[in-house]
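Participant: Sequence isn't available, so here's the structure alone:
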């Protein structure tokens, strides 16, 4: 089974409660799941949140909409993913984060297909960031349950436990075989993730443009919107992919 696991929590220090903030008539998480359902390679969607009381609202959100969910450790996100994948018997994990509400189902399918047709343990489009040609906000990671289990038992640092896949691509020559999805354009300068208040303001303007133009809002269309509207890019241009990791 190929399962998409979305990590989501309300306790973000930079933008608290962001996953349930509104975008049009939907909250961000609902918006993301709607787009994810358009991916052809995904068999199951699970929201992985925490056991903290602050995340009761996410669990309630999932219950009301019939969305599968799992509750685990807040800070040991690697264990949350491992226990979630184990509970739902997921053999191939598609890792997504709730701060990428404009995720492109076509990009998801491309990364999954790349993983399935390559002899690798891990595939991504935006990782590692220094060689990525994709926007921040289009992030997809795919890996086997076996690789996840190995990382779960062997990862020791706080950074590896918090960021789930650090152990994968930081050890790609020693432990895992990895591959990165290429792109015919370098879109790495563009950003439509939601990590800071400025990101949220930019996202609202992007979605307004998507609706005005009656687009689905795939990655190419979003990049075109950002090229045509430099004032939107300026709102959050001080941030870049991986800034939180460096902190």
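Facilitator: Alright, I've got the coordinates. Nothing here was measured: the structure is a model prediction, and the numbers come from that model.

Participant: so what's residue 187 closest to, chain neighbours aside?
Facilitator: residue 135 (4.9 Å; C-beta to C-beta, 6 or more residues apart in numbering). Where C-beta positions appear, they are placed from N, C-alpha and C, glycine not excepted.

Participant: Could you measure from that neighbour over to residue 93?
Facilitator: As defined by C-beta to C-beta, to the nearest Å, residue 135 lies at a distance of 22 Å from residue 93.

Participant: now residue 226
Facilitator: Residue 226 is 30 Å from residue 93, where distance means C-beta to C-beta.

Participant: Helices of this protein, residue ranges please.
Facilitator: 28-36, 56-65, 77-87, 105-117, 145-154, 158-163, 166-170, 197-212, 219-228, 230-235, 243-246 (DSSP state H).

Participant: Out of the ones you listed, which gets nearest to residue 10?
Facilitator: helix 56-65 (6.3 Å; C-beta to C-beta).

Participant: Settle it for me: which of residue 226 and residue 93 has more neighbours?
Facilitator: Remark: of residue 226 and residue 93, residue 93 carries more neighbours, 27 against 21, as counted by other C-beta atoms under 10 Å.

Participant: residue contacts, that one?
Facilitator: By C-beta atoms under 8 Å, 6 or more residues apart in numbering, the contact set of residue 93 is 3, 5, 81, 85, 142-145, 148.

Participant: What of residue 58?
Facilitator: So residue 58 contacts 8-10, 19-20, 29, 47, 49, 69 (C-beta under 8 Å, 6+ apart).

Participant: ok, residue 5 touching residue 81?
Facilitator: Yes: between residue 5 and residue 81 there is a contact under C-beta atoms under 8 Å: 6.1 Å.

Participant: Identify the contacts common to these two.
Facilitator: What both residue 5 and residue 81 touch, as defined by C-beta under 8 Å, 6+ apart, is the set 48, 93, 95.

Participant: Let me have those residues in JSON lines, extended by pLDDT and distance to residue 61.
Facilitator: Compiled in JSON lines, those are given as follows (pLDDT from 0 to 100; distance: C-beta to C-beta, whole Å):
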{"residue": "48", "pLDDT": "98", "distance to residue 61": "13"}
{"residue": "93", "pLDDT": "98", "distance to residue 61": "22"}
{"residue": "95", "pLDDT": "98", "distance to residue 61": "20"}
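
Participant: about what we covered before: what's the spacing between the residue nearest to residue 187 and residue 17?
Facilitator: Plainly put, residue 135 is 24 Å away from residue 17 if you go by C-beta to C-beta.

Participant: Neighbour count: those two, which is higher?
Facilitator: residue 135 (26 against 15).

Participant: Would you check that the more buried one makes contact with residue 223?
Facilitator: Yes: between residue 135 and residue 223 there is a contact under C-beta under 8 Å: 6.5 Å.

Participant: Can you pull the residues that touch both of the two?
Facilitator: With C-beta under 8 Å, 6+ apart as the test, residue 135 and residue 223 both reach 187, 190.

Participant: Count the residues that sit near residue 186.
Facilitator: Counted with other C-beta under 10 Å, residue 186 comes out at 10.

Participant: likewise residue 60?
Facilitator: Residue 60 has 11 neighbouring residues, counting by other C-beta under 10 Å.

Participant: And residue 205, by the same measure?
Facilitator: Here the number of neighbours of residue 205 (other C-beta under 10 Å) works out to 15.

Participant: Surely it is in contact with residue 233?
Facilitator: No: counting by C-beta under 8 Å, residue 205 does not reach residue 233; the two are 10.2 Å apart.

Participant: Right, I'll call it a day here.
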